[in-house]
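# Fold the following and give me the result.
(chains A and B)
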Amino acid sequence: MSSTESEGGTSLQVVPLKHWGRQIGAVVVLVLVAMVVHTLLSKIPAPSGAVVCHTLNGVKTCHPVVVWRFSWNTVGEYLFNPLVLGGLWLTLQITFWAMLIGITLGLVVAIMRLSHNRLLSGIAWFYTWFFRGTPVYIQILFWFAISTIYPQLTIGIPFSVAFVHLNSVTLFTPLLAGITALGTNEAAYFSEIARAGLISVDEGQIEAATSIGMTTSQTMRMVILPQAMRVIIPPTGNEIISMLKTTSLVAAIGVLELTGIVSEISAANFKTVPLLLVACLWYLLCTTILSIGQFYVERYFARGSLRNQPMTPIQRLRHDLRGIKGKFRTRRVVIHS
Amino acid sequence: MVAARGVTKSYGALQVLKGLSLNVERGEVSCLIGPSGSGKSTFLRCINHLEKHDAGELLVEGELVGYEQRGDKLYERSAKQICGQRANIGMVFQRFNLFQHLTVMENITIGQIKVKGVDEDTARQRARELLLRVGLEAKEKAYPVQLSGGQQQRVAIARALAMEPKLMLFDEPTSALDPELVGEVLDVMRDLASSGMTMIVVTHEMGFAKEVANSVYFLDQGVIEESGAPGDVLENPRTERLRGFLSKVL
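Alright, predicted model coming up:
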């Protein structure tokens, strides 16, 4: 029954438009996903060629031992290995300190870059040019080798009195060299992110702040920065996630963070793939947590920029489920003619 | 209250103000009218030193704006001193310029708390009184994006008033508004004028100028072409230019 008389009009069933392209695409993707899941969970004969035999009713049957293709049992064995957890902790520490240096220094560089003083903005430009223009890997090696060109660091008045002498070799441990290299490199990238954020704030905001008597520093802290954050947060989240993985480069100077420690272990036991998977799982977990954090931080700084707050993932899920239900409901329209 | 003598201002080769002189007494409402590009807004912005004038004398309450005279030299004032001067001058902008990340309440209290050092409760109390005065007492928790243009401009006026200014500057306060919202902002300004506030208003609302202003200045190409009581200037324009301008805006 597709049409009925009602309320003086004819109620007609609406036939939704079929999106054939989308549906074919969805099927193809579904098959590919099934293949990936299947191969991840597949089993193969053990590479050692081992067999198991058992006797049933006097008949002896043998078949090869099967193991997970991706050695999930080994993955499980090493996932909470104290050495691995130590490496993970080190990775998180390096990420934290490098980002702290990067954000603080980067903000200073960005503000210098926007200064009316040509010397300040020129130096800021040069900083970004230099640190973005050379590979971070070389920068790590460079900071590690700094004691060869500056065996002694001196704190004092330039070109005259020295107060303290410090030994570079003991001061610049591989860990500190790595953090310094990653942090100063990150500052160059972050300064551009911060600069984009700062110039995205409408000039009228600065004028309004000035007109009620705020100083330049108050205007920056209370008016410009909070609004610039909306633009700064998403790429910064990206940078933190990127940094989390870039820390693996410090393995080159002997700092055994997550990647360093798993390659060290697998060099000894040859279980390369499962150990790499262990590292990946930890990286993925950290990235997931960071992404969730980023969502809420973004939501906080978006206040006042949108009439309605963006939905949280749970709200969005509910919204989608309601949408799916709606798809299976027959829609009718009453036509008066 | 405000005295300008021969104020000039150039952007590069373009001279925007070519020797402007005027006098605004305490409690007076002065309207600056004129075609766009005539220098009205620039002059207004010079009064609270958002723009630096190049030459001439500009005094607010007998004090040089942005400079200090010691002997035969003018010393540029420090940023801090200028901020102190500005806090006594309220300004309302064409595009409202409310702080987008703050609620209406926070917009009105931030200056009192951070610049004047008023405690939070007193600041809130004063903000509520002002919101009542501009007819927005129900909107204190709203963000600027959730308000109409007219409401935003009224909050902007409340924000400026919260600093207890001695002088209010209005830079085309109704030009960015939908026609039906102009009235509510003009009402607030009218009320403010009758309370004895000294106001300098750059506007295209000739009706408002006629009704509220004590004096009207017609600017064209960086000079004051005509000035006087609104009745004289707007009803009996002497110059051809003002006649031409009025015929376009009325």
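# Pretty sure A:Thr154 sits against A:Ser160.
No. Using C-beta atoms under 8 Å as the test, A:Thr154 is too far from A:Ser160 to be in contact (11.0 Å). C-betas here are computed from N, CA, C, even on glycine.
# For the two, indicate the residue with more neighbours.
With other C-beta atoms under 10 Å in any protein chain shown as the criterion, A:Thr154 and A:Ser160 differ in neighbour count, and A:Thr154 comes out ahead with 12 against 6.
# Now do B:Ala213 against chain A, distance only.
Summarising the geometry, the distance separating B:Ala213 from chain A, computed by C-beta to the nearest C-beta, to the nearest Å, is 22 Å.
# what's the answer for B:Arg238, then?
Using C-beta to the nearest C-beta, one obtains 35 Å as the distance from B:Arg238 to chain A.
# before we move on, what SS does that residue have?
coil (DSSP: H, G, I helix; E, B strand; the rest coil).
# Let's test this: mean pLDDT of the host helix or strand of A:Gly21, rounded?
Remark: A:Gly21 resides in helix A:20-40, with elements defined by DSSP states H and E. Averaging pLDDT along helix A:20-40 gives 95.
# Contacts for that helix next, please.
A:Arg69, A:Phe70 (C-beta atoms under 8 Å, 6 or more residues apart in numbering or on different chains).
# Just the CA atoms of that helix, as PDB, please.
Extracted C-alpha coordinates of helix A:20-40, given in PDB (Å, rounded to 0.1, in the frame of the first residue of the first chain):
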ATOM      1  CA  TRP A  20      24.900   3.300  -6.100                       C
ATOM      2  CA  GLY A  21      28.400   4.600  -6.200                       C
ATOM      3  CA  ARG A  22      28.600   5.000  -2.400                       C
ATOM      4  CA  GLN A  23      27.100   1.600  -1.900                       C
ATOM      5  CA  ILE A  24      29.600  -0.200  -4.200                       C
ATOM      6  CA  GLY A  25      32.400   1.800  -2.500                       C
ATOM      7  CA  ALA A  26      31.200   0.700   0.900                       C
ATOM      8  CA  VAL A  27      31.200  -3.000  -0.100                       C
ATOM      9  CA  VAL A  28      34.700  -2.800  -1.600                       C
ATOM     10  CA  VAL A  29      36.000  -1.200   1.600                       C
ATOM     11  CA  LEU A  30      34.200  -3.800   3.700                       C
ATOM     12  CA  VAL A  31      35.900  -6.600   1.800                       C
ATOM     13  CA  LEU A  32      39.300  -5.000   2.300                       C
ATOM     14  CA  VAL A  33      38.700  -4.600   6.000                       C
ATOM     15  CA  ALA A  34      37.700  -8.200   6.300                       C
ATOM     16  CA  MET A  35      40.900  -9.200   4.500                       C
ATOM     17  CA  VAL A  36      43.000  -7.200   6.900                       C
ATOM     18  CA  VAL A  37      41.300  -8.600  10.000                       C
ATOM     19  CA  HIS A  38      41.600 -12.100   8.600                       C
ATOM     20  CA  THR A  39      45.300 -11.800   7.900                       C
ATOM     21  CA  LEU A  40      46.000 -10.300  11.300                       C
END
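# Which positions within it qualify as buried?
Residues of helix A:20-40 include none that count as buried (16 or more other C-beta atoms under 10 Å in any protein chain shown).
# now stretch A:106-125
Neighbour counts over stretch A:106-125 (16+ other C-beta under 10 Å) mark A:Gly106, A:Leu107, A:Val109, A:Ala110, A:Ile111, A:Met112, A:Arg113, A:Ala124 as buried.
# List the contacts of the third one.
Neighbouring residues of A:Val109 by C-beta under 8 Å, 6+ apart: A:Ala124, A:Tyr127, A:Thr128, A:Ala187, A:Ala188, A:Ser191, A:Ala194.
# per-residue confidence at A:Thr104?
Value listed for A:Thr104 in the pLDDT field: 96.
# neighbours around the residue nearest to it when sequence neighbours are not counted, how many?
If you skip the residues right next to it in sequence, A:Thr104 has A:Ala187 as its closest partner in space, 7.9 Å away by C-beta to C-beta, 6 or more residues apart in numbering or on different chains. Other residues lying near A:Ala187 total 25 when counted by other C-beta under 10 Å.
# in what helix or strand does A:Ala187 lie?
Taking DSSP H and E as the definition, one finds A:Ala187 inside helix A:174-200.
# thinking again about what came up before, could you identify the pair within the contacts of A:Val109 that is furthest apart?
With C-beta to C-beta as the measure, no two of these lie farther apart than A:Tyr127 and A:Ala194, at 12.9 Å.
# Could you find the closest non-adjacent residue to the residue in the stretch 201-337 of chain A positioned nearest to chain B?
Closest approach between the stretch 201-337 of chain A and chain B, counting by C-beta to the nearest C-beta: A:Gly213, at 3.1 Å. With C-beta to C-beta, 6+ apart as the measure, B:Ala87 is the residue that lies nearest to A:Gly213, at 3.1 Å, once sequence neighbours are left out.
# right, and the one you found touches A:Thr215 too?
No. Counting by C-beta under 8 Å, B:Ala87 stays clear of A:Thr215, with 10.8 Å between them.
# okay, these two: which has more neighbours?
For B:Ala87 against A:Thr215, the residue with the higher neighbour count under other C-beta under 10 Å is B:Ala87, and the figures read 20 against 16.
# can you pull the contacts of the more buried one?
Listed by C-beta under 8 Å, 6+ apart, the contact set of B:Ala87 reads A:Ile212, A:Gly213, B:Gly111, B:Val115, B:Lys116, B:Met163, B:Pro165.
# Good, we can wrap up now.
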